[in-house]
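Peer 1: just to be clear, the model below is a prediction. Sequence and coordinates:
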Protein chains: 2
Amino acid sequence: MDKKRNLDPSLRRRGRPRHTEPSPEYRARLDEIVALATEVFRQKGYDAGSLEDVAKELGLRKASLYYYFESKSALLHLIFERAIDDALQRIASIAIIKDPRDRLEALIRHQAIRVASEPSLFTVFFDQRPSLNAADYNKILAKERAYVRAFADAAQLGRDAGILPDADPRTLADILLGMTNWSYKWFDPDRDDPEAFADICVALIFSDSRDRTEID
Amino acid sequence: MDKKRNLDPSLRRRGRPRHTEPSPEYRARLDEIVALATEVFRQKGYDAGSLEDVAKELGLRKASLYYYFESKSALLHLIFERAIDDALQRIASIAIIKDPRDRLEALIRHQAIRVASEPSLFTVFFDQRPSLNAADYNKILAKERAYVRAFADAAQLGRDAGILPDADPRTLADILLGMTNWSYKWFDPDRDDPEAFADICVALIFSDSRDRTEID
DNA sequence: CCTACCGATCGGTAGG
DNA sequence: CCTACCGATCGGTAGG
């Protein structure tokens, strides 16, 4: 049955081929491939980074990679899927904090540190999205909307509590995300400290302590 | 003399071929090419966007474009050069404002509106930089450092005046630029208003008015 | 500004 | 996991 897989394109199963039980070796190798592909796509971009580049770093040939994914764009989707699933999981516990200020601060701090800590992953995630095929793009987009919504919810809470200006929560969320996410363009791990960066972001937004000492 | 131009590569003049007097038609055509190339590179990316794509929109053939630039990467550099030169020119008058708060507000407002107003240009400018060749990259980088410095200078003034938190001015500048620049990823001209966006950025940073009404 | 074409790269497949 | 290979694209050049 497996042998028939490619005989008729209309019968080909979609997505990653299902194995009855993906062996630990298979999963470990796939993890390696995804990690190395992330590096290659960050350094050269998705188009200019070839599968031969990825294979070479593993001591393999390009053709051998096709055992692990069915196309180059499917490999890119794997990178994105892991990134966004991981990100959603990480903020789940933050999104239930009751205090508006605490929740906002936790989200900002979390995002600043995550992006600053994984420059390769976020460079690919933020810049190579247009290289996904339409179906994969929409899947990622839906999950990312949920992510932005978590920030927008916190922004709305913060706005209603008078911590943030009176504005559209989604726009506030995108602006807060801009402060933190943009760091993938300038943050230098050898020079900058993620925690210090997060502190400054928080201080910029929650400036009331600063103002209180300056005024009267 | 012009005919000899391509006979010996080692004698080829570098950069855009100098015409004794670049005709108005030549300059107009080059403007067209640069504008259309910006669109193509935004939609498909630099690697996937072919010179045939650019030529097609002008009703030309790819080979004809080589009269206007000497390589695809030189065309990309033209886009970058015009973008950064224009940007530097635009903030020159803002960078001499004396009042710390006024200068910061003017810079933030300017940047928010510029990026939100020219999504194609800034998408290419922010995302396709790695596709420049090394020499061009360094030229753009030097000019961009001057641009960030204008923001850092304003941030330092603002910090010393107690308007911004006590932190490294360059980091403050990059965070402020993040708020505004990130909009190229989410701003939708059909839905969002550049002026309103700029207002929110300013309100977020200069939150003292907000705090004053909330506190005591 | 054109036609014709070269040289190289690369995703993907065949078949083992 | 491999070798061998196809088909298509594309930057760039020749020569006019």
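Peer 2: That came through, no problem. Numbering: from 1, shown residues only, chains lettered A, B, ... in the order given.

Peer 1: only C-alpha atoms from now on, for both contacts and neighbour counts.
Peer 2: Fine.

Peer 1: avg pLDDT for the helix or strand A:Gln156 falls within?
Peer 2: Remark: A:Gln156 resides in helix A:134-160, with elements defined by DSSP states H and E. Helix A:134-160 shows a mean pLDDT of 97.

Peer 1: ok, residues contacting stretch A:74-92?
Peer 2: For stretch A:74-92, the external contacting residues (C-alpha atoms under 8 Å, 6 or more residues apart in numbering or on different chains) are A:15, A:34, A:37-38, A:69, A:107, A:110, A:121, A:125, A:132, A:136, A:140, A:143-144, A:147.

Peer 1: list just the nearest of those residues to DNA strand C.
Peer 2: Looking at the contacts of stretch A:74-92 and their distance to DNA strand C, the nearest is A:Phe69, at 8.6 Å (C-alpha to the nearest atom of the strand).

Peer 1: how about the secondary structure of that closest one?
Peer 2: Going by DSSP: H, G, I helix; E, B strand; the rest coil, the secondary structure assigned to A:Phe69 is coil.

Peer 1: chain center to the helix holding A:Gln156: distance?
Peer 2: Here helix A:134-160 shows a centroid-to-chain-centroid distance of 12 Å under the convention C-alpha atoms, centre = their mean, to the nearest Å.

Peer 1: for the contacts of stretch A:74-92, which two are the farthest from each other?
Peer 2: In terms of C-alpha to C-alpha, the contacts of stretch A:74-92 reach their longest pairwise distance at A:Phe69 and A:Leu107, which sit 34.0 Å apart.

Peer 1: which helices and strands does the helix holding A:Gln156 pack with?
Peer 2: The elements that helix A:134-160 packs onto, with contact taken as 3 or more C-alpha pairs under 8 Å, 6 or more residues apart in numbering or on different chains; DSSP states H and E, are helix A:72-92, helix A:100-117, helix A:169-181.

Peer 1: now for the last one, which elements pack on it?
Peer 2: Think helix A:169-181. Counting contacts by 3+ C-alpha pairs under 8 Å, 6+ apart, helix A:169-181 is packed against helix A:100-117, helix A:134-160, helix A:194-205, helix B:169-181, helix B:183-186, helix B:194-205.

Peer 1: orientation of the following helix or strand past the first one relative to helix A:169-181 in degrees?
Peer 2: When you say that, I think you mean helix A:100-117. Proceeding N to C from helix A:100-117, the next assigned helix or strand is helix A:119-127, under DSSP H and E. Between the direction of helix A:119-127 and that of helix A:169-181, the angle (axes from the mean of the first three to the mean of the last three C-alpha atoms, to 10 degrees) works out to 140 degrees.

Peer 1: next, the buried residues of helix A:119-127.
Peer 2: By neighbour count, and taking 16 or more other C-alpha atoms under 10 Å in any protein chain shown as the criterion, the buried residues in helix A:119-127 are A:119-125, A:127.

Peer 1: who in chain A is up against DNA strand C?
Peer 2: Taking C-alpha under 7 Å from any atom of the strand as the measure of proximity, chain A contacts DNA strand C at A:6, A:47-52, A:62-63, A:66, A:70-73.

Peer 1: okay, and which of the residues you listed map to helices?
Peer 2: Using DSSP state H, the members of the residues of chain A next to DNA strand C that fall in helices are A:51-52, A:62-63, A:72-73.

Peer 1: before we move on, back to that, go back to the residues of chain A next to DNA strand C and keep what's next to chain B.
Peer 2: Contacts with chain B within those, as defined by C-alpha under 8 Å from any C-alpha of the partner chain: A:47-48.

Peer 1: check the residues of chain A next to DNA strand C and tell me the two furthest apart.
Peer 2: Of all pairs drawn from the residues of chain A next to DNA strand C, the one with the largest separation by C-alpha to C-alpha is A:Asn6 and A:Ala48; the distance is 27.9 Å.

Peer 1: higher neighbour count, those two?
Peer 2: Counted by other C-alpha atoms under 10 Å in any protein chain shown, A:Asn6 and A:Ala48 do not tie: A:Ala48 has more neighbours, with 15 against 11.

Peer 1: what does chain A have sitting close to DNA strand D?
Peer 2: With the criterion set to C-alpha under 7 Å from any atom of the strand, chain A comes near DNA strand D through A:29, A:59-65, A:67.

Peer 1: name the residues that touch stretch A:30-43?
Peer 2: With C-alpha under 8 Å, 6+ apart as the criterion, stretch A:30-43 contacts A:46, A:48-49, A:53-54, A:57-58, A:68, A:75, A:78-79, A:120-121, A:123-124.
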